[in-house]
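The following comprises the amino acid sequence and a computationally predicted model.
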Amino acid sequence: MKRAKKPDVKLAALLESGTLNPHARDVHDPAFIASDFFDSRDLVQVRYEMLRRVRTEGQTIAEVAARFGVSRPTFYKAQVDFDREGLAGLLPDKRGPRGAHKLTGEVLRFIEEARATEGSLSTKELLERIAAKFGLNVHRRTVERALRREPKKKRQ
């Protein structure tokens, strides 16, 4: 009978915090290969050590970027983020839009009013009215999702 593998607590923590390095296998720096302390899966640690090699040890950006499995533009972005925010700048950015950026409160009120006065409006007609009034080209699915969320807000 095979023994169950112990769960990797650090891996789970890195996944949960969003700091798991998706390119850990591309890190070929000797310190990360021969050490229990350095962990190529830890994105913040990899970025910090990469910057440290250039700043304190005087290694070139090109060679450090190659050993750490990143492009030079990625290195420069990490450098700017670190200079601006410190260690917090090395945390990965959240991806994607930061909320409903086209359907503002004003547009949502317009949709609600249009549906209240003319309940049988189709999505296509709503899109045409939004484009005419606000000059916005909104995808039909965006409006459909907003319409599905609307009843949930009224119940609360």
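Yep, it's here.

Now the host helix or strand of L15: buried residues?
Using DSSP states H and E, L15 sits within helix 9-17. Neighbour-count burial for helix 9-17 flags L14 (criterion: 16 or more other CB atoms under 10 Å). (Glycine included, C-beta is placed from N, CA and C.)

packing partners for it?
Helix 9-17 is packed against no helix or strand, with contacts defined by 3 or more CB pairs under 8 Å, 6 or more residues apart in numbering; DSSP states H and E.

Put the alpha carbons of it into CSV.
The C-alpha coordinates for helix 9-17 follow below in CSV (Å, rounded to 0.1, in the frame of the first residue of the first chain):
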residue,chain,number,x,y,z
VAL,A,9,1.8,23.6,2.8
LYS,A,10,4.0,26.3,1.2
LEU,A,11,2.7,25.5,-2.3
ALA,A,12,-0.9,25.9,-1.0
ALA,A,13,0.0,29.2,0.7
LEU,A,14,1.6,30.5,-2.5
LEU,A,15,-1.4,29.5,-4.5
GLU,A,16,-3.8,31.1,-2.0
SER,A,17,-1.9,34.4,-1.9
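
List the contacts of that helix.
Contact with helix 9-17 is made by 20-21, 39, 41-43, as judged by CB atoms under 8 Å, 6 or more residues apart in numbering.

now those in TSV, with pLDDT?
Below are those laid out as TSV (pLDDT from 0 to 100):
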residue	pLDDT
L20	95
N21	95
D39	96
R41	96
D42	96
L43	96
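
sorry, back to before: quick check, distance from the helix holding L15 to the centre of its chain.
Distance of helix 9-17 from its chain centroid, counting by CA atoms, centre = their mean, to the nearest Å, is 17 Å.

Quick check: next helix or strand after that helix?
helix 30-33.

Quick check: K77 vs D26, distance?
17 Å (CB to CB, to the nearest Å).

you'd agree K124 is up against V143?
No. K124 lies out of contact with V143 (CB atoms under 8 Å); the separation is 9.5 Å.

quick one, which of those two is more surrounded?
V143 (20 against 10; other CB atoms under 10 Å).

residue contacts, the more buried one?
Taking CB under 8 Å, 6+ apart, one finds 103, 111, 123, 126-127, 130 in contact with V143.

Taking those residues, tell me the two that lie furthest apart.
Spanning the widest gap among the contacts of V143 are L103 and T123, at 13.1 Å by CB to CB.

Please consider this matter closed, and thank you.
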